[in-house]
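K.L.:
have a look; sequence and predicted model below, questions after that.
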Amino acid sequence: MTSLLNDWRRTHYTKDINDSLNEEEILIMGWVHEIRDLGGIIFVLIRDITGIIQLTAPTKHIPSEALEEIKKFRKESVVAVKGKVQESGKAPNGVEIIPDEIKILNLANQPLPMDPTEKVKAEIDTRLDSRFLDLRKANVSGIFKIKSRMLHTIRLFFEENGFIETNTPKLVASATEGGTELFPITYFEREAFLSQSPQLYKQMMMSAGFDKVYEIAQIFRAEEHDTLRHLNEAISIDMEASFMDDKDVMKILNDLIYQVIVDVKDNCQDALATLEVDLKVPDKQFEILKYDDMIDMVNSKDVPIEWGEDLSRAAEKALGEMMEGYYFLTEWPTEIKPFYVMPNEKQPEKSHAFDLMYKDLEISSGAMRVHQYDLLKEKIAEKGLNPNAFGSYLKSFEYGMPPHAGWGLGADRFNMCLTGLNNIRETVLFPRDRRRLTP
Ligand code: ATP
Ligand code: MG
């Protein structure tokens, strides 16, 4: 009942079909988006990754084999159509296709578990349960076109600035930093963990003399979060650079974010339009807010926060109302940052750590690192961690470790900023949270 491709190949994507092709024979492939059978004439909308085009089939004037196939169409089936382009004032794109030959490549069962034409709005859980259908919607695939462009620009940026792309292990022997919960796994006769961050490895790459490295990869966090901005598997964009301090890598982060926004705005107009996002290009230089001043600002909104505390959700929200767009938070208390963060030389209770925020959302954390073996060992112990568990990491600090700094940027969170979405699940193809491990 269904056909194989054989020698049929697509000649055009729907978005490339316009009146300049009038009267030309073309071949399109895609999904049956909508069927309207008016008796004497059948209208079918065919959708592919680029858009939608109308087939117009006057039943008396098209070959009977083609008509027979059209009559078998069901919503969301996959079809291939050879036909003639015809200008049409009434059709959605100003052109329609009059079919000559049709192949049904795959028939979709009915009823569909969800409607990918957006006529009926579905809850996020229903959508994620049938994610392959949900992703057929232009506004949903648009998120991932933007993400793809974002990652492309990021790679380009790093390559242009002399960074080397690295791939560090995701199976690790012990907790990298403390602080975060890890997923244990069975590694032959031993226990191992899924990596929470490439932190220790990217620092070891500084001792390896690579100077500037970046990595775009999964991180795994076992916390039982139930928020709109945490997942148990996320993508982190990490960089580390030698002979640089926190200010240097903040500038790199600032420039990178700016470049991505400009590039996405220029190259993802269709995707942004389907999401109804008017992406604003921020000021070239993001504002810098010191932790101390942030405390005063948050308190001024009657949200309690004391010096030395991390931002509560209420504090983030209060801050988000006072600060616009992207801004850095700097000079964090040493106590609440990881052991590898360099303390301030004159006031060791403060550190060279920073966060990059977008309104009320943390999107990146970074710092100048401790590169001195003795201090690092001391700081590991101070955090209640066992320096022996960090043997191979610490070793790289004993034989020529340059001063260095770096950051990790949450790719999915940054994508939320670009798409204006407030649930991180929207920005991940198949999200992993406390309740969801499939699809
Ligand atoms: P938060 O305080 O928001 O939980 P964090 O400070 O624990 O984040 P970091 O360890 O600093 O996160 O990780 C660096 C970046 O990675 C974060 O700024 C964020 O963009 C991203 N990230 C961290 N954890 C998650 C997560 N569970 N889900 C999605 N993104 C995350
Ligand atoms: Mg952080």
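P.N.:
Ah, there it is. Numbers count the residues shown, from 1 in each chain. Ligands and ions are numbered 1, 2, ... in the order given.

K.L.:
over to residue 80. Which of the three states is it?
P.N.:
strand (DSSP: H, G, I helix; E, B strand; the rest coil).

K.L.:
isn't it right up against residue 31?
P.N.:
No - at 11.2 Å, residue 80 and residue 31 do not qualify as touching, with contact defined as CB atoms under 8 Å. C-beta coordinates here come from the backbone N, C-alpha and C atoms, glycine included.

K.L.:
okay, and for the chain, where does confidence drop off?
P.N.:
175-179 (pLDDT under 70).

K.L.:
residue in it with the shortest distance to ligand 1?
P.N.:
Going by CB to the nearest ligand atom, ligand 1 is nearest to residue 410 of the chain, at 2.1 Å.

K.L.:
which residues does that residue contact?
P.N.:
Contacts for residue 410 were tallied using CB atoms under 8 Å, 6 or more residues apart in numbering; they are 234, 235, 236, 237, 362, 363, 364.

K.L.:
now do the buried residues in stretch 363-378.
P.N.:
For stretch 363-378, the neighbour count (16 or more other CB atoms under 10 Å) marks 363, 364, 365, 366, 367, 368, 369, 370, 371, 376, 377 as buried.

K.L.:
tell me the two of those that are most distant?
P.N.:
Spatial extent of the buried residues of stretch 363-378 (CB to CB) is set by the pair 363 and 377 at 31.3 Å.

K.L.:
tell me how many other residues crowd residue 248.
P.N.:
13 (other CB atoms under 10 Å).

K.L.:
element containing it?
P.N.:
Element membership for residue 248 (DSSP states H and E) is helix 246-267.

K.L.:
ligand 1 contacts on the stretch 301-439 of the chain?
P.N.:
Residues of the stretch 301-439 of the chain lying close to ligand 1 by CB under 6 Å from any ligand atom are 362, 363, 364, 365, 408, 410, 412, 413, 424.

K.L.:
keep only those of those that are in helices.
P.N.:
412, 413 (DSSP state H).

K.L.:
stretch 146-162: how far from the chain's middle?
P.N.:
Centre-to-centre, stretch 146-162 and its host chain are 13 Å apart (CA atoms, centre = their mean, to the nearest Å).

K.L.:
may I see the buried residues of that stretch?
P.N.:
Neighbour counts over stretch 146-162 (16+ other CB under 10 Å) mark 146, 147, 149, 150, 151, 153, 154, 157, 158 as buried.

K.L.:
hang on, isn't the last one packed against residue 152?
P.N.:
Yep, that's residue 158 we're talking about. No - counting by CB under 8 Å, residue 158 stays clear of residue 152, with 11.2 Å between them.

K.L.:
quick one: residue 153 and residue 264 touch, right?
P.N.:
Yes - assessed by CB under 8 Å, residue 153 is found in contact with residue 264 at 7.3 Å.

K.L.:
ok, now which ones touch the residue positioned nearest the centre of the chain?
P.N.:
In the chain, the residue lying closest to the centroid (CA atoms, centre = their mean) is residue 412, at 3.5 Å. Counting by CB under 8 Å, 6+ apart, residue 412 touches 231, 234, 235, 424, 427, 428.

K.L.:
so which of those wins on neighbours?
P.N.:
In the contacts of residue 412, the most neighbours by other CB under 10 Å go to residue 427, 25 neighbours.

K.L.:
need phi/psi at that one.
P.N.:
Residue 427 adopts backbone torsions of phi -100, psi 10, taken as degrees, to the nearest 10.

K.L.:
follow-up on the earlier one: mind listing which of the buried residues of stretch 363-378 are in strands?
P.N.:
363, 364, 365, 366, 367, 368 (DSSP state E).

K.L.:
show me which residues of the stretch 101-250 of the chain are close to ligand 1?
P.N.:
Residues of the stretch 101-250 of the chain lying near ligand 1 (CB under 6 Å from any ligand atom): 221, 225, 230, 231, 234, 236.

K.L.:
hey, C-alpha coordinates of the helix holding residue 248 in CSV?
P.N.:
Taking Å, rounded to 0.1, in the frame of the first residue of the first chain, the C-alpha atoms of helix 246-267 are listed here in CSV:
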residue,chain,number,x,y,z
ASP,A,246,38.5,36.3,35.8
LYS,A,247,38.2,39.7,34.1
ASP,A,248,39.7,38.3,30.9
VAL,A,249,37.3,35.4,30.7
MET,A,250,34.3,37.5,31.6
LYS,A,251,35.1,39.6,28.5
ILE,A,252,35.3,36.4,26.4
LEU,A,253,31.9,35.4,27.8
ASN,A,254,30.4,38.8,27.2
ASP,A,255,31.7,38.9,23.6
LEU,A,256,30.5,35.4,22.9
ILE,A,257,26.9,36.0,24.2
TYR,A,258,26.7,39.2,22.2
GLN,A,259,28.0,37.6,19.0
VAL,A,260,25.5,34.7,19.3
ILE,A,261,22.6,37.1,19.8
VAL,A,262,23.5,39.2,16.7
ASP,A,263,24.1,36.1,14.7
VAL,A,264,20.8,34.4,15.7
LYS,A,265,18.9,37.6,15.1
ASP,A,266,20.4,37.7,11.6
ASN,A,267,20.0,34.1,10.6
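
K.L.:
for that helix, packing partners?
P.N.:
helix 138-160, strand 233-242, strand 326-330, strand 353-358, strand 361-368, strand 404-410, helix 411-419 (3 or more CB pairs under 8 Å, 6 or more residues apart in numbering; DSSP states H and E).

K.L.:
ok, the shortest one: who's next to it in the sheet?
P.N.:
Under the criterion DSSP bridges, strand 326-330 sits next to strand 287-290 (parallel), strand 353-358 (antiparallel) in its sheet.

K.L.:
burial of residue 185, as a residue count?
P.N.:
13.

K.L.:
surely it is in contact with residue 172?
P.N.:
No - assessed by CB under 8 Å, residue 185 is found out of contact with residue 172, at 9.8 Å.
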